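[1] Turn this into a structure:
(2 chains)
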Amino acid sequence: MTRISLKVTGAQGQGVNSVGEMCAKGLKRAGYCVFGYREYMSLIKGGHSSYQLDVSSDAIESSETEVDILVCFNHHGLERNALEVKKGGVIIHQTPQWKYTKEQQKELDAGGVRTIYLPSEDILKKLKAKPMLGNVLITSVVWSILGRSADDLKELVREQFGHKGEKVLEMNFRCIEEGFGFVGEANFKMQHAELPKPNPGWKNHLLITGSQAMGLGLIHAGCRMYCGYPMTPSSPLLSFIAEMQNETGMVIKQAEDEITAAQMMSGAMHMGTRAATGTSGGGFDLMTETLSLNAIIENPSVFVLAQRPGPATGLPTWTGQGDLLLAIGSAHGEFARCVMAVSDAQDSFDLMPEAFNIAEKYQTPVIVMTDKQIAEALYTQSPYDQKKAKMDRGLLVTDPKALKKLKGTDRYDPLAKDGISQRWLPGSDAATYCAQGDEHSSDGSVDETAKNAVAQMDKRMKKMKAMEREMPEPTLMKIENGKLKIENSDVALDLLVVSWGSNKGVILDALKEGKERQKGQKVGYLHYTYLWPMKTERLKKLMAKAKKTVLVECNHGGQLGQVIQLSGGPTIVEKILKYDGRPFFADELRQQLFN
Amino acid sequence: MLIPLDSGTAKKMSAFHCANQCSWCDGCGDYGIWTAVKRSLVESGIAPHEVLLCYDVGCHGNTSDKLLGYRFHGLHGRVIPFAAGAKLANPKIPVLAFGGDGASFSEGVGHLVHGIRSNYPITFVLHNNGNYGLTTGQASSLTQQGQPMNSSPNGMPEHTLNSMDFVFSLEPTFVARAWSGDIAMMTRVLKAAIAHRGFAFVDILQACPTYNEFATHDMLLERCYDANAEGYKPDNAAKARALAMDTSKKIACGVLFQREDVPSFYERLEPRKALQTSAVEEVQIVNTQRWEKYFV
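    The predicted model follows:
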């Protein structure tokens, strides 16, 4: 498999994202699978940020540590990222009279890395173009180096800026021609990093971030209200779903704090719509009392927990998986909950109807975990299956005749099968009840007797048993002839990799590309989507047969491993853990898995 | 003062009757509020299954299982956002939220601020007994400064928050005051609040015979008067604020301020303007294919 990568660096606000996004769009349309990865700091202007695109004609969902083309808006990229360029790669920059340190120059020379100075300022001055057009100029240089046609790029630019009028467009086109001319004059050709032959199959795909995918998933699930409070990396979900409100008709509320967001979602769910809230670790801490409330009033509720490294403000714009134990153990008291994690743009969409179905079926909180990597990465995603999801509202009673038969004591009936009692909505012409935060009897009346306390706790915890029974086991994936295959039997493996969340993409890429290093070994990846209640049976069987099992996580404690142990599962001794705020990179993980 | 022994609503009020016995202290103001709430719902033509009553945590919260109706009893200080969320999901259902002065002016004061500011179309009833009753008489931010209380034997060091000055600073669209001994006035005020377009703030001064020795039933009986009956019109915010804040001699009750020309939060939601349905009625799998064009 051939993959090449391109990294754009600069200060925040300089246009790093717009160059990255335009290249991504053009490459996807040309028939490539693109994976976009952003790094940035917690500030608005300045700092050092980057947008990396990894490109292949095969499926990829990860980045590599090294790049073929580096574009530097300012000298910081030259200082910090120049040595990330592969042998035979190229660096394009616009810093006049730039000189590397002696050590840098030596290393770049040894790798045959070429550095090209693009005199953007002069070119723009000559064209009498505004400085903003520097983005288009740089894009055209990259575009030309990649061997793409100027017409493709013009088409993209027309789409993006066409509404600004022919004059603006004309100026953009002249910049593109200048860019192509510049590369032609430099007589420049990439030595090692030619794009592979395109695969037209990618052309109909979507370029979508995990947050956007989750937003579409929420809309798809029939979620009609979303309440949030800005906090990276959950904010892009709030922004996306808010931007969509005029088309979806959803009620969107940017609340005064996370407690409010969680309470409003809970009120809306209690009233009977589908509503969600989203936040990151610190905000989730504030929401947990409300989580506990939803457990005792048996209110279906959906919390999106977008992880970044803590404690406290931690690394606000970076990624991590340090909140799994938080999700599982959050909020006071003992109660049934479901914790699941998305892994990419596919299940960020697919799991949203699932989350609501589980919440409504078991009438309990569901926590959907994501992280900065998924939330902000750009995925090449096949159009979504609109028929797969089913609406399951559990024991929600809406039929007028059935409503008439209900007694208030049906609401929290401790004898209900699996502890799941009938639910009906305020406004229904039926007997009424109290959604009671105090321990209560079957109609929600406060009841502090010992007998009742046991009956109600048992009722609620029976739901946990039912969930344990009904939740799927983790999925075993194998790479066969370069293709991903779901393996349903418990095969004997030489290497079993176990992980969850955003690591899925990079693990699969590492396994795919590590073929030659695997030397005929049988390798499989066991992916956990459902994290609580935790299933360990399949893992136990696979581990017993596997020569080696490795746990991969982006946290310090190997939290998935801990949850597996807590649930009576086996201990995974060998661990690859990363907690520097960066995701795993494909080459890095390949190295760690196979060396 | 008029004491209505039979308002003619007794029969209908029995629809809200619940067999659970009240657990408040003898002489607690909650008895009167409890009755007035039921009566105001009946007189507003609202049946038990047509309303959502949301209770905060405190003595008043023990009303939650002492009457019928769809009820919710939540967390301390958090009742306003829950009630607002419920209302936005289904604006067709009247939603009333109840909270004490402890919850509403300390732990949950942010929610009160934003509830008024947002002008959610809900009624908020403040059970204002000037202390934390249920936790056995600690000072709230509305307790008189210097008054020795549980956990502040020398009186609380902080000055008392002027609740009405504070509320009026938030540009409310409805402010009323009543007191727990006057069921007829509470009923009138609550009915007006329920009918209000936006966020209705109803301050009910409530006797707490066990812990509040400064604002007793007798004191309230002596000082509270129906300002509307004396010709006061609630149409001027500055006058209303001055009237509400001055409790040195007499305490003005009734609807103190009201304006119906300000749209509620829900009415301001652009995407909802063309829709006749509520979010509760719209839950279904939505085909999102039409939006995939943004991602090609």
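
[2] what's the burial count for B:Val109?
    Applying other C-beta atoms under 10 Å in any protein chain shown, we find 15 residues neighbouring B:Val109. To be clear about C-beta, it is placed using only N, CA and C from the backbone, and glycine gets the same treatment.

[3] where along the stretch 151-300 of chain A do the strands fall?
    In the stretch 151-300 of chain A, strands defined by DSSP state E, counting those that start in this stretch lie at A:206-209, A:225-228, A:251-254, A:275-279, listed in chain order.

[4] Export those as TSV, with columns for mean neighbour count and distance to A:Cys33.
    Converted to TSV, these look like this (neighbours: other C-beta atoms under 10 Å in any protein chain shown; distance: least, C-beta to C-beta, whole Å):
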stretch	mean neighbour count	distance to A:Cys33
strand A:206-209	23	10
strand A:225-228	28	30
strand A:251-254	22	33
strand A:275-279	30	28
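
[5] Present those as TSV; the columns should include mean pLDDT.
    What follows is those, written out as TSV (pLDDT from 0 to 100):
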stretch	mean pLDDT
strand A:206-209	98
strand A:225-228	98
strand A:251-254	98
strand A:275-279	98
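
[6] Please list the residues of the stretch 1-150 of chain B that sit near chain A.
    Applying C-beta under 8 Å from any C-beta of the partner chain, one finds that the stretch 1-150 of chain B approaches chain A through B:20, B:48-52, B:54, B:57, B:62, B:64-65, B:68-75, B:78, B:81-90, B:92-93, B:110-111, B:113-114.

[7] let's see it at 7 Å
    Proximity of the stretch 1-150 of chain B to chain A (C-beta under 7 Å from any C-beta of the partner chain) is limited to residues B:20, B:48-50, B:52, B:64-65, B:68-75, B:78, B:81-86, B:88-90, B:92-93, B:110-111, B:114.

[8] Show me those that map onto helices.
    B:81-86, B:88-89, B:110-111, B:114 (DSSP state H).

[9] Determine which two of those residues are furthest apart.
    Farthest pair in those (C-beta to C-beta) is B:Ala89 and B:Gly110. Separation: 21.6 Å.

[10] Which one's more surrounded, these two?
    B:Ala89 (31 against 15).

[11] show me what contacts that one?
    A:225, A:268, A:271-273, A:275, B:278-280 (C-beta atoms under 7 Å, 6 or more residues apart in numbering or on different chains).

[12] so how far is A:Gln381 from it?
    31 Å (C-beta to C-beta, to the nearest Å).

[13] now swap in A:Val506 and tell me
    For A:Val506, the distance to A:Gln381 - C-beta to C-beta - is 17 Å.

[14] cool, and B:Tyr232?
    64 Å.

[15] Also A:Ser120?
    33 Å.

[16] need the helices for the stretch 351-500 of chain A, in chain order.
    A:372-376, A:400-405, A:450-470 (DSSP state H, counting those that start in this stretch).

[17] Mind checking the pLDDT average for the shortest one?
    Going back to what we said before, that points to helix A:372-376. Averaged over helix A:372-376, pLDDT sits at 98.

[18] Does it reach chain B?
    No - figure legend: helix A:372-376 not in contact with chain B (C-beta under 7 Å from any C-beta); closest approach 14.9 Å.

[19] Can you tell me which helices and strands that helix packs against?
    If contacts are counted by 3 or more C-beta pairs under 7 Å, 6 or more residues apart in numbering or on different chains; DSSP states H and E, helix A:372-376 sits against helix A:210-220, helix A:235-243.

[20] Report the inter-axis angle for the first one versus strand A:275-279.
    Angular relation of helix A:210-220 and strand A:275-279 on a 0 to 180 degree scale: 170 degrees, by axes from the mean of the first three to the mean of the last three C-alpha atoms, to 10 degrees.

[21] Can you spell out which helices and strands pack onto helix A:210-220?
    helix A:235-243, helix A:345-362, helix A:372-376.

[22] Using a markdown table, lay out these together with mean neighbour count and distance to A:Arg590.
    Shown next, in a markdown table, are those (neighbours: other C-beta under 10 Å; distance: least, C-beta to C-beta, whole Å):
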| stretch | mean neighbour count | distance to A:Arg590 |
| --- | --- | --- |
| helix A:235-243 | 21 | 29 |
| helix A:345-362 | 25 | 23 |
| helix A:372-376 | 29 | 18 |
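
[23] Out of those, which is closest to A:Ser50?
    Of all the helices and strands packed on helix A:210-220, helix A:372-376 comes closest under C-beta to C-beta, at 12.2 Å.

[24] Can you list phi and psi of the residue lying farthest from the centre of chain A for me?
    In terms of distance from the mean C-alpha position of chain A, A:Thr449 ranks first, at 46.1 Å (C-alpha atoms, centre = their mean). In terms of degrees, to the nearest 10, the main-chain angles of A:Thr449 are phi -70, psi 150.

[25] what separates it from chain B, distance-wise?
    Distance, A:Thr449 to chain B, using C-beta to the nearest C-beta, to the nearest Å: 14 Å.

[26] Let me see the contact set for that residue.
    Per C-beta under 7 Å, 6+ apart, neighbours of A:Thr449: none.

[27] Return the per-residue confidence for it.
    98.

[28] can you check A:Asn187 too?
    Value listed for A:Asn187 in the pLDDT field: 66.

[29] Repeat that for the one 3 residues further on.
    Confidence per residue is given as pLDDT, and for A:Met190 that number is 62.

[30] before we move on, what about A:Gln14?
    pLDDT at A:Gln14 comes out at 85.

[31] With B:Arg188 instead?
    At B:Arg188, the pLDDT recorded in the model is 98.

[32] Quick check: next helix or strand after the helix or strand bottoming out on mean pLDDT in chain A?
    When each helix and strand of chain A is scored by mean pLDDT, DSSP states H and E, helix A:515-518 comes last, with a mean of 65. Where DSSP states H and E defines the elements, the next helix or strand beyond helix A:515-518 is strand A:523-528.

[33] all helices of chain B, in order?
    B:10-13, B:29-43, B:79-89, B:101-102, B:109-118, B:163-169, B:183-195, B:217-223, B:237-245, B:265-268.

[34] The spatially closest residue to B:Phe214 that is not a sequence neighbour - how many residues pack around it?
    Excluding its sequence neighbours, the residue lying closest to B:Phe214 (C-beta to C-beta, 6 or more residues apart in numbering or on different chains) is B:Gln144, at 5.2 Å. Counted with other C-beta under 10 Å, residues neighbouring B:Gln144 total 17.
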